[in-house]
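Novice: here is my input; please provide its structure:
(chains A and B)
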Amino acid sequence: MFETNKVLHKGTDYKATQNACKLCSPLGASVAYKGFEGCVPLIHGSQGCATYIRRYLISHYKEPIDIASSNFTQDSTIFGGDRNFKLAAQNIINQYKPKIIGISTTCLSETIGDDVTLFLHELKSEDFDGKTEFVVASTPSYQGTHIDGFHEAVASVVRKFAKKAAPGNHINLFPGFISTEDIRLLKEIVADFGLETAILPDYSESLDNPVWDTYKRIPEGGTTIEEVEKSGSAKASIEFGTVLNLGKLSGRVKNLNVTKTGAQYLEKQMDVPLVRLPMPIGITQTDSFFEELEKLSGKKTPEKYTKQRGRLIDAYVDAHKYVFGKKAVVYGEEDFVVGMCAFLDEIGIEIALAASGGESGLLEQEILKYCPENGNKITVREGYDFESIKEWCQSNKPDILIGHSKGYYIARELGIPIIRVGFPIHDRIGGQRIKHLGYAGTQELFDKIVNALIEYKQDSSPVGYKYM
Amino acid sequence: MPNKKNYINGLPDPSEFKEEMLKKYPRKVAKKRDKAMIINDPAEGQEILANVRTIPGIITQRGCTYAGCKGVVLGPTRDIINLVHGPIGCSFYAWLTRRNQTRAEKGDPNFMTYAFSTDMQDENIVFGGEEKLKNAIREAFEIFNPSSIGIFSTCPVGLIGDDVHSVAREMKAELGINIFGFSCEGYRGVSQSAGHHIANNGIFKHVVGNTDRPRTGKFQVNLLGEYNIGGDAFEIERIFEECGLTLLSTYSGNSTVESFAYSHTADLNMVMCHRSINYIAEMMEEKYGIPWIKVNFIGADATAKTLRKIADYFGDKELSEKVEVVIARESAKVKAVADLVKPKVEGKLAMMFVGGSRAHHYQELFTELGVRVVSAGYEFAHRDDYEGREVIPNIKIDADTRNIEDLSVTKDDENYRDDLVAKKAQLEESGYEFRDYKGMMPDMSKNSLVIDDVNHWETEKLIEFYKPDIFCAGIKEKYVVQKYGIPLKQLHSYDYGGPYAAFGGAINFYKEMERMLGTDIWKLVDAPWKHEPEIVGSVTYDS
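Specialist: So this is what the prediction gives:
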């Protein structure tokens, strides 16, 4: 297995990750947990995990984000973390009176083999108030990325609460790891179709609060337990993302009988039909989403959206000459990259490189599927880090970078524009309010990309023209 | 702000408030937290409970051992490749997040912008990650050609039995550069403080004394425990240069491993952050006979005091004169700004919960502006940082402290500075204080509330009780506090601001306080019904 002892050369077979293009699993799980009402995330491991993840999320969302820790010490690693876990749970309940404690495991607790589910069994018989529900997601950092953690946590919540019943008229929407503004946008869309929808998870309020009159220890918002219960009797589930946590690196994939995403669980166990779509970015993919909504609601797309769509196409036409043939590098989490590629391909931008730190083994096939015309021309790289992206850019000279803040240094070095999208965005204000989805989100994204290209041309023009 | 309080005649006794805060905790927890909250009386030697484990489930400001070792101490050093051995998260989260600045000469290596990780996967946890680590080292060597590589262990490493130290030795022999490992797994200590100690030990063992560089200045000094957040070190370096002090090395703001290697040729060690770096100062004194003094460059008065103390140490007339010239010129500039700002902010209330020395140092700047500190505490300090170094012999050594190796240091006969030892003895006779830190508590007012490892719940209660005008902490607390309508100044990363050290820094800080304490934004944040009318002037009826 480890026969390679020779020095490995750059660009061939990396062993070390230099400037990673992925985050760790418990971070994703913590975000997902924040999307359920009254949930306090608890990371079962060293306090550094909770502290680092909090500081990281807070620098993106710019909101209070409480994540508790079971604060492992040396002896917990030897004797097990059960005592710390119980004390943590007790203190959270006393301070927060949460509806749910959402537990993510860590490298540490998984390595020593702590069985949190067993701890929970023991808890029940002890002196807890009995009102708090516990959900556990297995999220060691050495399995997959933050996206795996995110989907694992959502699935854990669904597995815990969903109840099978005669199908109603409501639907489930599993949007994946998107911005809070995107969630609000989706809620508006489904409401306009008159569809009662459970967004799983909905952190649009809890991670993007208004100012408060009084301090709220647990921010308002989030999908309620009742809504999750009803997800088992929904008419259908729509799930955004085609890579999800289905990849080869997920530990769970070894056991093929276990379902991976929440929507998949509902389909298999509760017969809730599943519609899986790529992220609705761009006309084509948003159209598919709206078609599904039309089917499910039995209503035609409201005029508001047909107009949005029309304006977006109009903008495509107006601006096509500025974007046509420009070379873009897209990076970030895999489903986001797939969605972004589908959109860029549609507007005539040449995707030079599509890269992700994720290693699902699915990225290339999904990009080919959703960029049918030019997909085979795209260089797709899984398990890539920013140094590899940089190196690639140096020899391939792209015109624009599209991805989160961590790629900024590459854009700076190359002197090309970067469009900040996705997560994390901690060198700008309002990262959580960036729109990506639907006609309206695409419109904003499109304008941003076109204007960045125009600005670049303007800045590097010797004339400094101010008319286009 | 509602209920503007008048503390001109001293702070109120917060005993009742403290009881109320503790009531919420389970009995055992309350007992522990009670000892970590002291109603300060500078006249009495009070004991605080510090550097003990955080209670699980209580949301703490503290980080982990790895954060203290890799993030704090070695993070700001630019010519070493800091390779994190573990799954990806740890390396990613410590990637340029502390806003340490550095100034590499053209062509000099600067690896601070990189986050290196072995990115351990399932199979590495099961079968061990040593081979992957070796390959990562070989690869880093091949690509970057660094002069040293540090290996930082994260939680799983110790558990699966990877021996980073033996890998380091093997790779050192193979590649011929300095390579060393740190057993700084996150769970090793009660906070990042353990990581500081581990980092100190590692640097001392593997780097300090490696090169004997000939003297380059008449007054050679090291600055310890200064991390160049927001460019603090640059401002301090400017002052040193003007005074004619030769700064050999800073641990570790704007630093290089190369400079650590010859830092043992200094005449004096100056300790800024006592908590994170006193170990190296102690070990260097033992091995090389270099005395150390506690200094503080936060605050204009403190800076002047420190500069005079350095000049007194060297006892050189020319140096003293230069120092006085610099102090006179810089103080005039500082005063001009203080005179403008002070009338606007005087009497406001501040609280600060940060670091292992910042909560103390920054009180200087607030005092200079007439802002009153009502409550303060550290995240990861020990008792000596609160109560002064004289309590060190009485500090109970618990299992967590015993976890960390205490290096046994022996005298280096060749490089030992008998001249400095003699100088120290002579100066001590005249009352000059070495190895002296009196801690934060003696500098705080009576009835101020000193709290170690403050948590979320306590922060909320503190705000409700004191209604401070400004709260100083870090990003994790920032938006919590601001939701209460109170501005928060980050004293870890300076919110994109700084420098705040030395004279130029004081000016920046005053101006920042003028803006933060004077902005009208908070009127919008405060719900109108929270305002109680303040009566200004008087109403008279003229008939």
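Novice: what's the span of stretch A:407-420, first residue to last?
Specialist: Stretch A:407-420 stretches 9 Å from its first residue to its last (CA to CA, to the nearest Å).
Novice: buried sites along it?
Specialist: Buried residues in stretch A:407-420, counted by 16 or more other CB atoms under 10 Å in any protein chain shown: A:407, A:408, A:409, A:410, A:411, A:414, A:416, A:417, A:418, A:419, A:420. Every residue, glycine included, has its C-beta placed from N, CA and C.
Novice: ok, those residues vs residue A:449, which is closest?
Specialist: Within these, the smallest distance to residue A:449 is 5.5 Å, found for residue A:419 (CB to CB).
Novice: how far away is the closest residue in space to that closest one that isn't next to it in sequence from chain B?
Specialist: Distances taken as CB to CB, 6 or more residues apart in numbering or on different chains place residue A:402 nearest to residue A:419, at 4.7 Å, with adjacent residues excluded. In this view, residue A:402 and chain B are 20 Å apart by CB to the nearest CB, to the nearest Å.
Novice: can you give me the strands for chain B?
Specialist: Remark: strands assigned in chain B by DSSP state E are B:37-39, B:80-85, B:116-117, B:148-153, B:178-182, B:220-226, B:246-252, B:268-271, B:292-294, B:349-353, B:372-377, B:449-451, B:470-473, B:488-490.
Novice: show residues contacting the second one.
Specialist: Just to be clear, that refers to strand B:80-85. A:16, B:66, B:70, B:74-75, B:90-91, B:94, B:111, B:114-118, B:120, B:129, B:133, B:136-137, B:140, B:144, B:146-154, B:157, B:162, B:164, B:257 (CB atoms under 8 Å, 6 or more residues apart in numbering or on different chains).
Novice: ok, now the fifth one?
Specialist: Strand B:178-182 is contacted by residues B:69-70, B:74, B:137, B:147-153, B:164-165, B:167-169, B:171-172, B:198-199, B:202, B:205-207, B:210, B:257 when judged by CB under 8 Å, 6+ apart.
Novice: and that strand, which strands flank it?
Specialist: strand B:148-153 (parallel) (DSSP bridges).
Novice: now the partner strand against strand B:80-85, angle please.
Specialist: Angle, strand B:148-153 to strand B:80-85, by axes from the mean of the first three to the mean of the last three CA atoms, to 10 degrees: 20 degrees.
Novice: what mean pLDDT does strand B:148-153 have?
Specialist: Strand B:148-153 comes out with an average pLDDT of 98.
Novice: next: stretch B:401-418.
Specialist: 93.
Novice: touching that stretch from outside, list them.
Specialist: If you take CB under 8 Å, 6+ apart as the criterion, stretch B:401-418 is touched by A:74, B:51, B:188-189, B:194, B:197-198, B:201, B:204-205, B:209, B:212, B:264-265, B:267, B:283, B:286-290.
Novice: just the buried ones out of those residues, please.
Specialist: Taking 16+ other CB under 10 Å as the criterion, what is buried in the contacts of stretch B:401-418 is A:74, B:51, B:188-189, B:194, B:197-198, B:201, B:204, B:209, B:264-265, B:267, B:283, B:286-290.
Novice: show me the shaky parts of chain B.
Specialist: Within chain B, the segments meeting pLDDT under 70 span B:1-5, B:526-543.
Novice: show me the domain layout of it.
Specialist: Using automatic domain parsing, the domain parsing of chain B gives B:65-188, B:220-340+B:390-429.
Novice: by proximity to chain B, which residue of the stretch 101-250 of chain A wins?
Specialist: Going by CB to the nearest CB, chain B is nearest to residue A:141 of the stretch 101-250 of chain A, at 3.4 Å.
Novice: hmm, that residue is touching residue A:26, no?
Specialist: Yes: using CB atoms under 8 Å as the test, residue A:141 is close enough to residue A:26 to be in contact (6.9 Å).
Novice: more neighbours, those two?
Specialist: The neighbour comparison of residue A:141 against residue A:26 (other CB atoms under 10 Å in any protein chain shown) goes to residue A:141, with 34 against 31.
Novice: nothing else from me, thank you.
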